[in-house]
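Visitor: Sequence first, predicted model second:
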Amino acid sequence: MKKAELPKKAYKNLEFLSSTDARTVRILSEYLEPLTRLRQQKVNNTVLFLGSSKANPEEKNSKLSKYYWEAEELAYYLAKWAIKLKPKGKNFVICTGGGPGIMEAANRGVFRAGGKSIGMNISLPLEQAPNPYVPPELSFVFHYFFMRKFWLVYKAKAVVAFPGGFGTLDETLEMLTLIQTEKIRKDHITILLYGEEYWREVINFEALLKYKTINPEDLQLYSYCSNPKEAFSFLKKKLVKFL
């Protein structure tokens, strides 16, 4: 009689792992695998850069191209400063969504400074490849947007939101909501809206106050800046308290 073939172990059964029944396993994996890798790389905390994937440094007439280079410069300043710190582990590691545009610019600035940065990509119908400035050991890809958002913000001590579209608006406003509702303590994170002209045109926060949909103190949850050196000076003053 022919020897019976051993069945697959559950954790090696790719058909099962891709099924609806295994969704909780996949979600848990997107929590535990980044947790393990970030711990192995001794990442204590991060500075998160948000912004448009459409910012192209080669498009000289684009309103977004200048923000690409300013994001690159600001990330360079932050990384150059953070590398010289001597904590146990890595503090203020630049983290991005791992794709092109502003995300690439920030990872690129860290690369120029001689440091390592994080890229947290997302699988999309039109695949978004990780940009070349993210080292493999700190390159992640997520299936679930909410798990990606969790890791983008979980270790962040500051968020720098450059001009961007629906994704940037979603992430920025969600973080402001988490601070407003005290799910994140206000003194644990700094929100910097980079490009004051853009942000004031795109979101009229004062109108929210006018219609009493937010409180006056909610306008203190964020700050504006439009210059890389000024932004670096502002962020450095906010970040040193975490050393």
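Guide: Here it is on my side, so go on.
Visitor: Would you indicate which residues of stretch 228-243 are buried?
Guide: Within stretch 228-243, the residues that count as buried by 16 or more other Cβ atoms under 10 Å are 228, 231-232, 234-235, 238-239. (C-beta placed from N, C-alpha, C; glycine too.)
Visitor: Switch those over to TSV; also include secondary structure and pLDDT.
Guide: As requested, these are exported to TSV (DSSP: H, G, I helix; E, B strand; the rest coil; pLDDT from 0 to 100):
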residue	secondary structure	pLDDT
228	helix	98
231	helix	98
232	helix	98
234	helix	98
235	helix	98
238	helix	96
239	helix	97
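Visitor: Any chance of CSV for those, columns distance to residue 195?
Guide: As requested, these are exported to CSV (distance: Cβ to Cβ, whole Å):
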residue, distance to residue 195
228, 11
231, 10
232, 15
234, 14
235, 15
238, 18
239, 21
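Visitor: residues in contact with the helix or strand of the chain with the lowest mean pLDDT?
Guide: None of the helices or strands of the chain scores lower by mean pLDDT, DSSP states H and E than helix 14-17, at a mean of 92. By Cβ atoms under 8 Å, 6 or more residues apart in numbering, the residues outside helix 14-17 that reach it are 10-11, 22, 25-26.
Visitor: which one of the residues you listed has the most neighbours?
Guide: residue 22 (18 neighbours; other Cβ atoms under 10 Å).
Visitor: how about that one, what does it touch?
Guide: Counting by Cβ under 8 Å, 6+ apart, residue 22 makes contact with residue 16.
Visitor: go with 10 Å
Guide: Applying Cβ atoms under 10 Å, 6 or more residues apart in numbering to residue 22 gives the contacts 10-11, 13-16, 28-29.
Visitor: Residue 136 too?
Guide: Residue 136 makes contact with 119, 130 under the criterion Cβ under 10 Å, 6+ apart.
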